[in-house]
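K.L.:
Give me a 3D structure for the following:
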Amino acid sequence: MSTVKSLLIYALLFCSALSVAQNQLLYDKKDSINLNFQTNGFLLDSIDLANGFDEQLRPGSFYLQELNLIDLLAIQPDLGNESSGINYLGRNYKSRFLITPLPYLGVQYSFGTNLTQHLNLQYAQKLSSKSHLNLRYKRDAGNGFLTNSKYGFDDVNALYQYRSKKYANFLDASYSKYDWQENGGITTDSLLDEFALIFTPVNKPNANTLVKKADIKLNQFINFTNDSILKTGLVVKQRYEVINRVYTEQADSLAQFYEQINIDSSTTRDQYQTASIKNSAGYFFASKYFEIDALVGHRYWRNQNLGVNRDTNEVFLSSTLFVGGKNFNFKNDFYFNLVGATGEIKNNAKLYLNWKGFRINGNLGFYNVLPTPYQRFHTANNYNWKLTSFEAQQQLQFGGRISYEQKHLIFASLQSLTTNNGLYFIDNTWRQDTLDVVALTQFTFGGKLNWNKIKLYPTATLRLNSNNYNYQPTFSTRTRFSYSTGVFKANRLKVALGLDVGYDSEYRVLTYNPALSLFEQNSINPLSGNLFSVDAFFNAEIKEFRFFARAQNIDYFWNPSTTRVDPNFPIMPFMIKIGVSWDFFN
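P.N.:
Predicted coordinates for the structure are as follows:
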């Protein structure tokens, strides 16, 4: 590529960054990228971690949620109708909006044992001087390692931005489909040492969960001024959300699995759908270092459960405040419900500071929220609940991270969550009268240590919790040992290889409920035992092309195969994963 063309590209990137930097109200996760951008990060020795996740034997191969219990319990400021307590289904991934003067396509693909596959495609293009488009498609699929454990997850996300002197909008539209078989876990662990997992009998021969979600958000700003820096005018925000879940199961007699049969003794088809539409309008003011909006809005939601419809109208106030610039900024999102869920409050504040090698992030959130429609009332073939009164639960979240980097990187982080009057699924219903205040705190220390071609990435996590909710390891540690070097005379081929070594102290595991896709805690929850983990990796790159091979769960060869991560699921077996990534600029 010629020097003139390269300079032109960097100039266009710089101008694009300036044009979007003034409006955090439009969309807060933006990146201006250049020709060195890598879809899975810049560090060669970490690309194997950027593609996929650490699969487990629970349905859908989701990671061990007990290692991220604070994230699992945390109320989200924009979760909408998706929240249903300790939901097994993870949070939606929020795509970064890529600003690029040239069309960009990033491809990540990996495959592994038992047809485990991960695909991530991201496309970005500048359509005109005023508009940008991003498209993202993500798929995770596999046959699983137990009988009846196939899964397939699809996520599609489209982001579109238009900006002119008098008008700007941002569209964020996503659709997700999650389809996985439910086997209920193993019936015995007596065969684990002699046969492959696929030959171990499972509890459920024919059960399946299908979840579909859509979320469409449109923010529009009409500017009344002619000033290029100071802007003020009308803001309109609209959002449509819908989640639909269907659980099916067949058995000779469902009474062997459930205490109650409400509809049919051999066939189950449980279904619910919650849809929500929001419209809000108000005033905004934006300058170079200060932005604020204030809106009044209306929300209508409707819940449909096996033919029974319930709906509610709500009126609310909301506001977003942003102060700062590149190296220091503060953002606060506020929500208050006036009618329909009177008294609901969601307030989330974030702080960022970059100063002389130090990076500091902080967050503080307070939530006072009522039960979701799903928690209030639900009828299924084997479950049935209806809350007689709706009492709000309160949650305080705070945390932060400080890091310092010169030759080496060191960091420390804190996360804390306190829930009062929380809703928990206990004894086949949602209860607020069983657990008192639940408090969780997590301290993490770590870094990146560089010695020429050798790098170490040590982390250590200490977790504290109230005695009434001890479903997480007290201590965890992970260390990545990496060796990187160039190959051949010109060093065009670069490689990195190494090991990941980890340890999790003994903890009491949560119980996964397949009929409801959530976690529950009860007196029979077993202890996990001390868990040791070892993985190995080999990564390579030639310019924009990257390749990795990863051996996961090497520890399976010496850890007891009967160790449980759930009352019904043992530890994950050894697996191989191979993947590639490629970035294209046209």
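K.L.:
how about the strands of the stretch 201-350 of the chain, start to end?
P.N.:
All strands of the stretch 201-350 of the chain, identified by DSSP state E, counting those that start in this stretch, fall at 207-223, 231-250, 267-286, 290-305, 308-324, 328-339, 345-355.
K.L.:
As CSV, those strands with distance to Asn452, mean neighbour count and mean pLDDT would be great.
P.N.:
Every residue, glycine included, has its C-beta placed from N, CA and C. Listed next are those as CSV, based on distance: least, CB to CB, whole Å; neighbours: other CB atoms under 10 Å; pLDDT from 0 to 100:
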stretch, distance to Asn452, mean neighbour count, mean pLDDT
strand 207-223, 47, 19, 94
strand 231-250, 50, 18, 94
strand 267-286, 47, 18, 94
strand 290-305, 45, 18, 95
strand 308-324, 37, 15, 95
strand 328-339, 34, 16, 95
strand 345-355, 27, 16, 95
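K.L.:
out of the ones you listed, nearest to Leu73?
P.N.:
strand 345-355 (15.5 Å; CB to CB).
K.L.:
surely Thr562 meets Tyr556?
P.N.:
No. Using CB atoms under 8 Å, Thr562 makes no contact with Tyr556, being 11.9 Å away.
K.L.:
Adding distance to Ser413, write the strands of the stretch 201-350 of the chain out as a markdown table.
P.N.:
Below are those laid out as a markdown table (distance: least, CB to CB, whole Å):
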| stretch | distance to Ser413 |
| --- | --- |
| strand 207-223 | 29 |
| strand 231-250 | 31 |
| strand 267-286 | 32 |
| strand 290-305 | 28 |
| strand 308-324 | 21 |
| strand 328-339 | 19 |
| strand 345-355 | 14 |
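K.L.:
Just give me the neighbour total for Leu105.
P.N.:
16 (other CB atoms under 10 Å).
K.L.:
Over to the one 3 residues further on?
P.N.:
The burial metric for Gln108, expressed as a neighbour count using other CB under 10 Å, is 23.
K.L.:
nearest to Ala124, of the strands of the stretch 201-350 of the chain?
P.N.:
The minimum distance between Ala124 and the strands of the stretch 201-350 of the chain falls on strand 207-223, with 18.8 Å, by CB to CB.
K.L.:
about what we covered before: quick one, which of Thr562 and Tyr556 is more surrounded?
P.N.:
Using other CB under 10 Å as the criterion, Thr562 and Tyr556 rank with Tyr556 on top: 18 against 14.
K.L.:
which SS state does the more buried one fall under?
P.N.:
Secondary structure for Tyr556, judged by DSSP: H, G, I helix; E, B strand; the rest coil, is helix.
K.L.:
if I look at the nearest residue to it once chain neighbours are set aside, how far off is Thr147?
P.N.:
Take Tyr556 and drop its neighbours on the chain: the residue closest to it by CB to CB, 6 or more residues apart in numbering is Phe574, 4.6 Å away. Between Phe574 and Thr147 the computed distance is 19 Å (CB to CB, to the nearest Å).
K.L.:
One more: Gly60?
P.N.:
Distance, Gly60 to Thr147, by CB to CB: 15 Å.
K.L.:
May I ask which helix or strand of the protein has the lowest mean pLDDT?
P.N.:
Ranked by mean pLDDT, DSSP states H and E, the weakest helix or strand in the chain is helix 3-21, scoring a mean of 36.
K.L.:
follow-up on the earlier one: could you check which of Gly60 and Thr147 has the larger neighbour count?
P.N.:
Between Gly60 and Thr147, counting by other CB under 10 Å, Gly60 is the more crowded of the two (24 against 16).
K.L.:
Contact partners for that one?
P.N.:
Listed by CB atoms under 8 Å, 6 or more residues apart in numbering, the contact set of Gly60 reads Tyr151, Phe153, Tyr178, Trp180.
K.L.:
so the last one sits in a helix?
P.N.:
No. Read with three-state DSSP, Trp180 is strand and lies in no helix.
K.L.:
Report the contact partners of it.
P.N.:
Taking CB under 8 Å, 6+ apart, we find Trp180 in contact with Pro59, Gly60, Ser149, Lys150, Tyr151, Gly152, Phe153, Asn208, Thr209.
K.L.:
ok, what's across the strand from it?
P.N.:
Beta-bridge pairing of Trp180 under DSSP bridges involves Tyr151, Thr209.
K.L.:
now it: how far from Tyr151?
P.N.:
4 Å.
K.L.:
Go through the strands of the stretch 201-350 of the chain and name the closest to Thr200.
P.N.:
strand 207-223 (16.7 Å).
K.L.:
Check the offset of stretch 47-62 from the chain's centre.
P.N.:
Put simply, stretch 47-62 sits 13 Å off its chain's centre (CA atoms, centre = their mean, to the nearest Å).
K.L.:
Can I get it in PDB, CA atoms only?
P.N.:
Extracted in PDB, the C-alpha atoms of stretch 47-62 (Å, rounded to 0.1, in the frame of the first residue of the first chain):
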ATOM      1  CA  ILE A  47      -5.900 -15.200  20.600                       C
ATOM      2  CA  ASP A  48      -6.900 -18.800  21.700                       C
ATOM      3  CA  LEU A  49      -8.900 -17.200  24.600                       C
ATOM      4  CA  ALA A  50     -10.700 -14.800  22.300                       C
ATOM      5  CA  ASN A  51     -12.500 -17.400  20.300                       C
ATOM      6  CA  GLY A  52     -15.200 -19.400  22.200                       C
ATOM      7  CA  PHE A  53     -15.400 -20.200  25.900                       C
ATOM      8  CA  ASP A  54     -14.500 -22.900  28.400                       C
ATOM      9  CA  GLU A  55     -17.200 -25.500  27.700                       C
ATOM     10  CA  GLN A  56     -18.800 -27.400  30.600                       C
ATOM     11  CA  LEU A  57     -21.200 -30.400  30.700                       C
ATOM     12  CA  ARG A  58     -24.200 -28.400  31.800                       C
ATOM     13  CA  PRO A  59     -26.500 -28.000  28.800                       C
ATOM     14  CA  GLY A  60     -25.300 -25.600  26.200                       C
ATOM     15  CA  SER A  61     -21.700 -25.900  27.400                       C
ATOM     16  CA  PHE A  62     -21.900 -22.600  29.300                       C
END
